[in-house]
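what would the 3D arrangement of this be:
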Amino acid sequence: MLLTVAIIGAPHGLKGEVRLDLRTDDPARRLAVGNVLETDPADAGPLTVVRTRESKDATYALFEEAHDRTGAESLRGVRLVVESDEDEGDDDEGWYPHQLVGLRVVHVDGRELGIVADLEHLPAQDVLVVTEPDGAEARVPFVAELVPEVDTDAGTITLDPPRGLFAADPAVPDAPDDGGAAREDQPGDAGGAGEADAGADGEGRA
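Here you go, the predicted structure:
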């Protein structure tokens with residue numbers, strides 16, 4: 001099975017460098033200098049890594065086959081792919097989207113939250129994309145505190161999300177309307193009493 005390492009984005013500069021949308025947990029290994037990567041579509045490659053670099057929240061790469069901005073532009077949208085290893089993803093340190101997509105998502109209390117739609121590899125952290133029963137999408141940072149268990153054998157991912165992240169787990173509900181208390185505090189009542197007192201005092205002084 002082919003795994004996507006990265007998707008090539010927009011050119012950067014005039015010398016063929018491109019921005020990468022990473023889809024791997026191990027870019028240092030997958031994109032090491034000299035690595036030759038197959039592509040999807042296949043006729044766009046193979047591509048040989050000349051260098052990669054990080055800048056703020058982005059990753060950039062230069063490939064031997066793209067010598068200028070025109071060459072880089074022709075690679076926009078191309079996927080860099082590799083054959084999957086049999087033992088990859090056996091622990092919770094590195095999952096690939098194809099291993100998680102379709103798994104049932106359940107709350108730690110047993111409630112059904114939805115189905116895994118994707119696993120996004122972002123610069124800061126991975127994000128689990130979940131399709132809720134009503135069709136809405138929720139995005140959950142893929143960290144141990146929020147994703148305590150992944151059980152591919154059972155076909156489930158267990159989440160402990162903060163309230164409000166899912167429609168089935170709304171934020172803290174509004175406090176009930178205490179009509180009696182509200183009526184006691186109405187400013188009109190206090191004002192009326194005050195005015196009556198003022199009137200009485202005024203008559204006495206006159």
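
for the residue nearest the centre of the chain, list the residues it contacts.
Of all residues in the chain, the one closest to the mean position by C-alpha atoms, centre = their mean is Val127, 3.6 Å from it. Counting by C-beta atoms under 8 Å, 6 or more residues apart in numbering, Val127 makes contact with Leu119, Glu120, Arg139, Val140, Pro141, Phe142. Where you see a C-beta, it was placed from the backbone N, CA and C, and this is true even at glycine.

my guess is Glu165 contacts Glu137. True?
Let me fix one detail, which is that residue 165 is Leu and not Glu. No: taking contacts as C-beta atoms under 8 Å, Leu165 lies outside contact range of Glu137: 11.2 Å.

more neighbours: which of these two?
With neighbours defined as other C-beta atoms under 10 Å, Leu165 and Glu137 compare such that Leu165 has more, 18 against 11.

based on its surroundings, how many neighbours for the closest residue in space to the more buried one that isn't next to it in sequence?
Among residues not flanking Leu165 along the chain, Ala138 sits closest, at 5.7 Å (C-beta to C-beta, 6 or more residues apart in numbering). Using other C-beta under 10 Å, Ala138 is surrounded by 20 other residues.

any idea how far Gly114 is from Ala138?
Distance of Ala138 to Gly114, given as C-beta to C-beta, to the nearest Å: 7 Å.
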